[in-house]
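Chemist: Quick one, what's the 3D model for this:
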Amino acid sequence: MGFADFYFERQKNFQLKIQGKIQSDLKFIVVIPCFNEFKLLETLGSIKNAEKINSSIEVIIVINSSEVSQQEVIDQNIKTYNNAKSWIAMHEDSSLRFFLLNEENLPRKFAGAGLARKIGMDQAIARFNQLNIENGVIVSVDADSRLESNYFIELEKHFKNYPKTNAITTYFEHPVNGSEFDNDIYSAITKYELYLRYYKLALNSTGFPYSFYTVGSCFAVNVKAYVKQGGMNRKQAGEDFYFLHKIFPLGNCYEINTTCVYPSSRISERVPFGTGPMVKAIIESGEKDFLTYNYSSFLDLKLLFSVVHKLFRVKPQTLEKIILELPISISEFLKANGIETALEEINKNSSNIKSFTKRFYNWFDAFRVLKYMNFAHEKYFEKQDLLDEAERLFANISNGKKVIKDYQSLLKEYRNIEKRDPK
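Modeler: Numbers count the residues shown, from 1 in each chain. Predicted coordinates for the structure are as follows:
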């Protein structure tokens with residue numbers, strides 16, 4: 001019996017596609033979805049060149065296309081497959097094995113990043129399950145990303161020191177200068193990465209317990225957590241966000257900031273939203289300000305999270321008083337989202353403050369945070385220039401330290417904060 005037998009009983013369409021001996025010391029399986037990609041060999045090279053660890057590693061590459069993919073995509077996939085097959089023949093060894101899948105004609109309704117990740121991750125689970133390796137780890141990497149040489153060293157060290165870890169996210173930096181792309185692309189990715197870091201650190205400052213990045217090339221998950229939460233979804237974009245926010249409530253999730261992933265900065269239309277489309281949109285917007293959520297909306301959210309403990313077994317009259325004392329953006333949002341009914345259900349199923357708090361944040365989760373942000377900015381706030389809000393937040397979390405107010409300087413400071421202060 002394997003730890004994931006029950007999982008595969010529910011995966012009616014699963015087919016085992018990878019054969020071959022499994023090393024008893026297998027610890028990490030890297031899963032790489034690959035669609036219309038011409039830089040895969042650079043990613044594989046960074047994996048091959050990474051410092052060796054004490055455990056074996058496998059890499060599953062899922063080259064994929066849908067039943068409606070254009071011929072140029074199919075042609076690129078074939079070229080990528082052949083090049084990768086030749087590269088693998090020259091570079092794999094017993095402690096680092098590569099498996100290449102070519103998934104063509106995937107159903108139009110589901111084809112995309114989520115399904116490709118799911119195919120690879122389910123194959124990874126099957127590999128671990130055959131030897132009942134319950135402490136195995138699935139590592140998610142994109143086909144146009146590079147890994148720092150100590151990447152697996154740091155992952156191995158973390159999972160050895162914290163064996164109950166359910167998931168980790170890894171520190172990342174998009175290339176923001178160089179000769180590979182035009183300057184407008186580097187300028188756009190600088191703005192976008194600053195936005196990502198502003199949102200995450202602003203949310204973290206509110207006391208929200210699940211303020212992690214959800215970048216597809218920068219996370220790893222324990223196999224038991226993967227199967228417990230039902231595996232990867234088939235969403236065509238944002239699959240990483242939806243998946244990881246099922247994992248985070250399990251607890252024992254961490255950030256690793258002692259290594260780095262370098263996702264590509266390039267424009268891409270492979271998914272409907274995400275880094276590539278955002279870079280394109282920023283470039284097309286010209287010199288317009290990059291608008292983001294007003295930092296004051298996060299300060300209002302912080303006030304809510306500071307009184308969550310008071311909502312445990314709260315009486316109706318006390319709840320009404322607490323809501324009235326909160327900022328109007330919060331109080332109106334809570335009323336619109338049925339706070340009374342939600343708390344009644346949460347309290348009914350909570351025997352202590354710890355279980356109550358967990359259930360509360362299962363309700364007021366990352367999706368509801370985004371819903372609040374959009375609600376608040378439709379009614380009570382206006383979006384502001386990213387530079388202004390990033391400077392406000394930086395001053396708040398750095399004890400008033402002064403910084404040059406431009407995108408590059410602020411991004412550098414934000415990166416330094418996260419490298420200094422791992423979760």
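
Chemist: Report the contact partners of the closest residue to Asn166 other than its chain neighbours.
Modeler: In this structure, Asn166 finds its nearest non-sequential neighbour in Ala225, 4.0 Å apart by Cβ to Cβ, 6 or more residues apart in numbering. No exception for glycine: its C-beta is placed from N, CA and C like everyone else's. Listed by Cβ atoms under 8 Å, 6 or more residues apart in numbering, the contact set of Ala225 reads Asn166, Ala167, Ile247, Leu250.

Chemist: and which of the residues you listed is nearest to Thr190?
Modeler: The shortest approach to Thr190 among the contacts of Ala225 belongs to Ala167, at 27.9 Å (Cβ to Cβ).

Chemist: So what sits opposite the closest one in the bridge?
Modeler: Taking DSSP bridges as the rule, Ala167 bridges to Val221, Cys253.

Chemist: and it, how far is that from Tyr254?
Modeler: 8 Å (Cβ to Cβ, to the nearest Å).

Chemist: Then Val68?
Modeler: 40 Å.

Chemist: Between these two, which is the more surrounded one?
Modeler: The residue with more neighbours, out of Val68 and Tyr254, is Tyr254; 17 against 11, by other Cβ atoms under 10 Å.

Chemist: pLDDT score assigned to the more buried one?
Modeler: Residue-level confidence at Tyr254 comes out at 97, pLDDT.

Chemist: give the contact list for Ile119.
Modeler: Val62, Asn64, Leu101, Glu103.

Chemist: Tell me the one among these nearest to Ile18.
Modeler: Nearest member of those to Ile18, counting by Cβ to Cβ, is Leu101, at 7.7 Å.

Chemist: wait, Ser94 sits on Glu58?
Modeler: No. Under the criterion of Cβ atoms under 8 Å, Ser94 is not in contact with Glu58, lying 11.0 Å apart.

Chemist: okay, the contacts of Ala225 in TSV with neighbour count and distance to Ile88 next?
Modeler: What follows is the contacts of Ala225, written out as TSV (neighbours: other Cβ atoms under 10 Å; distance: Cβ to Cβ, whole Å):
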residue	neighbour count	distance to Ile88
Asn166	20	31
Ala167	25	28
Ile247	22	30
Leu250	16	34
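
Chemist: could you dump those residues to TSV with pLDDT and distance to Arg234?
Modeler: TSV is the format used below for those (pLDDT from 0 to 100; distance: Cβ to Cβ, whole Å):
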residue	pLDDT	distance to Arg234
Asn166	98	22
Ala167	98	20
Ile247	97	17
Leu250	96	21
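
Chemist: For those, work out which two are farthest apart.
Modeler: The most widely separated members of the contacts of Ala225, counting by Cβ to Cβ, are Ala167 and Leu250 (7.9 Å).

Chemist: residue with max distance from the center of this protein?
Modeler: Gln317 (40.1 Å; Cα atoms, centre = their mean).

Chemist: Quickly find the element holding that one.
Modeler: helix 316-325 (DSSP states H and E).

Chemist: show me what contacts the nearest residue to Tyr254 once chain neighbours are set aside?
Modeler: Setting aside the residues directly before and after it, Tyr254 is nearest to Ile168 in space (Cβ to Cβ, 6+ apart), at 5.0 Å. By Cβ under 8 Å, 6+ apart, Ile168 lies in contact with Leu155, His158, Phe219, Ala220, Cys253, Tyr254, Glu255, Ile256.

Chemist: cutoff 6 Å now
Modeler: Ala220, Tyr254, Ile256 (Cβ atoms under 6 Å, 6 or more residues apart in numbering).

Chemist: List the buried residues in the helix or strand encompassing Val30.
Modeler: Assigned by DSSP H and E, Val30 belongs to strand 26-34. For strand 26-34, burial by neighbour count (16 or more other Cβ atoms under 10 Å) applies to Leu26, Lys27, Phe28, Ile29, Val30, Val31, Ile32, Pro33, Cys34.

Chemist: Output it as CSV - backbone C-alpha positions only.
Modeler: What follows is strand 26-34, C-alpha atoms only, in CSV (Å, rounded to 0.1, in the frame of the first residue of the first chain):
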residue,chain,number,x,y,z
LEU,A,26,14.6,10.0,-4.2
LYS,A,27,13.7,13.2,-2.5
PHE,A,28,12.8,15.9,-5.1
ILE,A,29,10.8,15.6,-8.3
VAL,A,30,10.9,18.8,-10.4
VAL,A,31,7.9,19.4,-12.6
ILE,A,32,8.2,21.7,-15.6
PRO,A,33,5.2,22.6,-17.8
CYS,A,34,6.4,23.6,-21.3
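
Chemist: Please pull out the lowest mean pLDDT helix or strand from this structure.
Modeler: Here the helix or strand of the chain ranked lowest by mean pLDDT, DSSP states H and E is helix 275-284, holding a mean of 71.
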